[in-house]
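Colleague: Would you be able to build a 3D model of this:
(one chain, ligands or ions: 1)
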Amino acid sequence: MRIVVTGAGGLLGKKIVKVFSNYEVIGVYYSSKPETPNFLQLNLSDLKEIKKIGDLSPDVIIHAAALTDVDKCEKQPELARLLNVEVTKEIAKLSKETDSFLVYVSTDYVFDGEKGNYREDDKPNPINVYGRTKLEGEEMVKKYADKYLIVRTSTPYGSNPASGKDNFALWLLKKLKNREEIGVVTDQITSPTLNTNFALMLRESVERKLEGILHLTDASQISRFEFAITLAKVFGLSESLIKPVTSDLMRWLAKRPKNSSLNVSMASAILSQKPMTVEKALKLLKEEVESGG
Ligand SMILES: NC(=O)c1ccc[n+]([C@@H]2O[C@H](COP(=O)([O-])OP(=O)(O)OC[C@H]3O[C@@H](n4cnc5c(N)ncnc54)[C@H](OP(=O)(O)O)[C@@H]3O)[C@@H](O)[C@H]2O)c1
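Modeller: Numbers count the residues shown, from 1 in each chain. Presented below is the predicted three-dimensional model:
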């Protein structure tokens with residue numbers, strides 16, 4: 001099976017490439033070179049370049065590239081539309097032309113966060129540009145691709161920086177190890193997901209060619225504050241450095257959903273690789289950090 005992964009140097013893409021390494025994987029990247037022997041540098045926003053993915057004759061395309069900076073999307077909606085909607089449309093069309101199976105990585109931010117515990121068939125209602133453009137990306141996949149799986153995930157984290165950035169867990173670890181006091185929000189609930197477990201659940205979904213929409217997150221629905229406290233406990237760091245704050249103190253440009261946690265009953269029921277509790281996922285993160293990733 002030949003698998004092309006876009007965003008292959010990103011937080012999720014980097015781990016997907018690693019976990020799928022028993023297959024022939026080609027990593028598509030722009031500025032963050034992936035850790036795979038086969039790669040292709042492409043600026044996806046140059047839409048005519050996308051046909052080069054078709055030249056690779058993929059059996060599966062995992063489209064994980066996106067403009068993921070929520071505030072940048074709000075500031076530059078045209079760029080967000082180009083990367084999250086138009087690029088996805090071209091990739092969806094290409095998957096049909098090349099008869100390949102398309103996986104589109106989407107987000108909990110397609111929901112408004114008023115309810116939480118969203119199931120796959122709950123109605124999306126995004127409240128910021130990022131969420132709106134990712135939802136339109138889903139619609140492009142449904143419209144133009146033939147065989148596809150849309151996987152929605154939430155607050156991914158992992159043991160290594162990716163695309164030149166730390167993730168929330170690595171940021172917390174740095175601050176706590178330096179004994180810096182940090183404010184962490186109590187009123188934003190998501191389903192934090194270890195990138196390794198996401199990639200393992202994704203691999204099983206691809207091997208079984210599951211189609212439709214599937215929520216692929218870890219199992220705990222918690223605030224960033226609760227996540228930070230659990231991380232401190234698991235890593236033996238001082239919980240007292242973590243101060244509860246509310247999101248009205250954050251100078252965020254884009255609105256964030258209050259509770260965008262995802263219901264993972266379907267993934268739990270059908271996959272052998274299960275969504276994990278945050279305690280179990282953070283213990284795995286600790287092992288990864290200690291062994292260098
Ligand atoms: N991060 C989250 O909180 C979150 C939550 C739920 C869902 N998701 C979704 O999960 C997927 C992966 O996100 P992530 O967390 O791994 O984000 P990430 O680390 O920011 O990775 C995104 C990737 O997109 C690539 N990309 C952006 N513009 C590109 C362009 N013009 N040409 C080629 N590649 C381009 C980047 O490539 P280079 O680095 O090589 O430039 C980067 O590796 C995205 O679809 C995102 O919407 C993310």
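Colleague: Now for the closest residue to the ligand within the chain: which residues touch it?
Modeller: Closest approach between the chain and the ligand, counting by CB to the nearest ligand atom: residue 10, at 2.3 Å. Using the backbone N, CA and C atoms, a C-beta is placed for each residue, glycine as well. Counting by CB atoms under 8 Å, 6 or more residues apart in numbering, residue 10 touches 32, 64, 65, 68, 162, 163.
Colleague: Which residue ranges of the stretch 101-250 of the chain form strands?
Modeller: In the stretch 101-250 of the chain, the strands defined using DSSP state E, counting those that start in this stretch lie at 101-107, 148-153, 156-157, 182-185, 189-190, 193-194, 212-215, 222-223, 242-245.
Colleague: so which of these gets nearest residue 137?
Modeller: strand 101-107 (6.5 Å; CB to CB).
Colleague: For the stretch 1-150 of the chain, which residues are neighbours of the ligand?
Modeller: By the rule CB under 6 Å from any ligand atom, the part of the stretch 1-150 of the chain lying against the ligand is 7, 9-13, 29-32, 42-45, 64-66, 68, 83, 105, 107-108, 134.
Colleague: picking up where we left off before, would you turn the contacts of residue 10 into a markdown table with neighbour count?
Modeller: Supplementary listing: these in a markdown table, determined by neighbours: other CB atoms under 10 Å:
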| residue | neighbour count |
| --- | --- |
| 32 | 18 |
| 64 | 24 |
| 65 | 27 |
| 68 | 23 |
| 162 | 22 |
| 163 | 17 |
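Colleague: Among the residues you listed, which has the minimum pLDDT value?
Modeller: When those are compared on pLDDT, residue 163 comes out least confident, at 89.
Colleague: residue contacts, it?
Modeller: 9, 10, 11, 31, 32.
Colleague: Just these: which are in strands?
Modeller: Residues of the contacts of residue 163 located in strands (DSSP state E): none.
Colleague: farthest-separated two in those?
Modeller: Using CB to CB, the contacts of residue 163 reach their maximum pairwise distance at 11 and 31, which is 14.1 Å.
Colleague: returning to what we had before: between the contacts of residue 163, which is closest to residue 158?
Modeller: For those, the nearest to residue 158 is residue 11 (6.0 Å; CB to CB).
Colleague: dump the residue contacts of that closest one.
Modeller: Taking CB under 8 Å, 6+ apart, we find residue 11 in contact with 156, 157, 158, 162, 163, 165, 167, 195.
Colleague: Lowest-confidence member of those residues, which is it?
Modeller: Per-residue pLDDT puts residue 163 lowest of the contacts of residue 11, at 89.
Colleague: A strand includes residue 99, no?
Modeller: No - Residue 99: not assigned to a strand; according to DSSP: H, G, I helix; E, B strand; the rest coil it is coil.
Colleague: one step back: what's the most buried one of the strands of the stretch 101-250 of the chain?
Modeller: strand 193-194 (a mean of 26; mean count of other CB atoms under 10 Å).
Colleague: which other residues reach that strand?
Modeller: Under CB under 8 Å, 6+ apart, the answer for strand 193-194 is 153-158, 216-218, 276, 281-282, 284-285.
Colleague: Kindly report the same for stretch 211-218.
Modeller: Under the criterion CB under 8 Å, 6+ apart, residues 108, 118-121, 138, 147-154, 191-194, 197-198, 201-202, 205, 261-264, 266-267, 275-278, 281 lie in contact with stretch 211-218.
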